[in-house]
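Engineer: Would you be able to build a 3D model of this:
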Amino acid sequence: MPTTPNPSPDSPVLHGNEAPSAWVRRWTHLIPAGGTVLDVACGHGRHLRWLTERGHTVTGVDRSPEAIAAVAPLGRAVLSDIENGPWPLDGETFDVVVVTNYLWRPLLPRIVASVAPGGVLLYETFASGHETVGRPARPDFLLQPGELLQVCSGLRVVAFEDGFCNTPERFVQRIAAVRETGHSQAQPVRHLLGVTG
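Structural biologist: Here you go, the predicted model:
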């Protein structure tokens, strides 16, 4: 079973080798059992490892050949420059779409459209204000207040946060949103809140 590596304090941490996002871990329970995963800009696979260990079938997409080589043993690994080329997963949907520390606005509709009925979008990235504490600092890479809420207007928002974290210092916006299937008011879907780890 794959495990999350623990790099020594002296070694550089590559994107995707750090621990899985607490936000992704918190909302993993929303993913249907054995569900399919898409991790956009997956890096070296921190979320793919986490979700594989929980019995999910994973697909990672990234433009880095090194990242794709690292995640290939976990499942499907797609090498693609999604900012300058065609979307490589056209017509495919997934039970969860994970995006962390990545923003390319032209892809936002594609990302949301990749969430299958009954599936969930788990998105967390830097927000306006982050330029005062670190990088990225360009507005192109920082979400505006409430921007993820607008992007997810066709989904049921289960949780949303937009604010400042102090360990490490960063401004973030994050959302857990579900593409609901038909249900009656007498038996609404219960999206359990407050589950951690």
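Engineer: Can you list the low-confidence ranges for the chain?
Structural biologist: 1-17, 128-133, 136-137, 169, 182-192, 194-197 (pLDDT under 70).
Engineer: Please export the C-alpha coordinates of stretch 152-162 as CSV.
Structural biologist: Extracted in CSV, the C-alpha atoms of stretch 152-162 (Å, rounded to 0.1, in the frame of the first residue of the first chain):
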residue,chain,number,x,y,z
CYS,A,152,-19.8,26.4,-8.3
SER,A,153,-23.3,28.0,-8.8
GLY,A,154,-24.6,24.8,-10.4
LEU,A,155,-23.4,22.6,-7.5
ARG,A,156,-24.7,22.2,-3.9
VAL,A,157,-22.1,24.0,-1.7
VAL,A,158,-21.6,21.9,1.4
ALA,A,159,-18.7,24.1,2.8
PHE,A,160,-16.9,27.2,1.9
GLU,A,161,-14.2,29.3,3.5
ASP,A,162,-12.5,32.5,2.4
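Engineer: surely His56 meets Val96?
Structural biologist: Yes - checked against CB atoms under 8 Å, the pair His56 and Val96 is within contact range at 7.4 Å. (Each C-beta comes from the backbone N, C-alpha and C, glycine too.)
Engineer: didn't Gly118 look like it was pressed against Arg156?
Structural biologist: No - assessed by CB under 8 Å, Gly118 is found out of contact with Arg156, at 10.8 Å.
Engineer: Mutual contacts of those two, please.
Structural biologist: Common contacts of Gly118 and Arg156 (CB atoms under 8 Å, 6 or more residues apart in numbering): Val178, Arg179, Glu180.
Engineer: Would you mind listing which of those are buried?
Structural biologist: Listed as buried from these are Val178, Arg179; burial here means 16 or more other CB atoms under 10 Å.
Engineer: Just the ones of the shared contacts of Gly118 and Arg156 in strands?
Structural biologist: Counted as lying in strands by DSSP state E, out of the shared contacts of Gly118 and Arg156, are Val178.
Engineer: ok, of the shared contacts of Gly118 and Arg156, which one's closest to Ser80?
Structural biologist: Set against Ser80, the nearest of those by CB to CB is Arg179 (23.4 Å).
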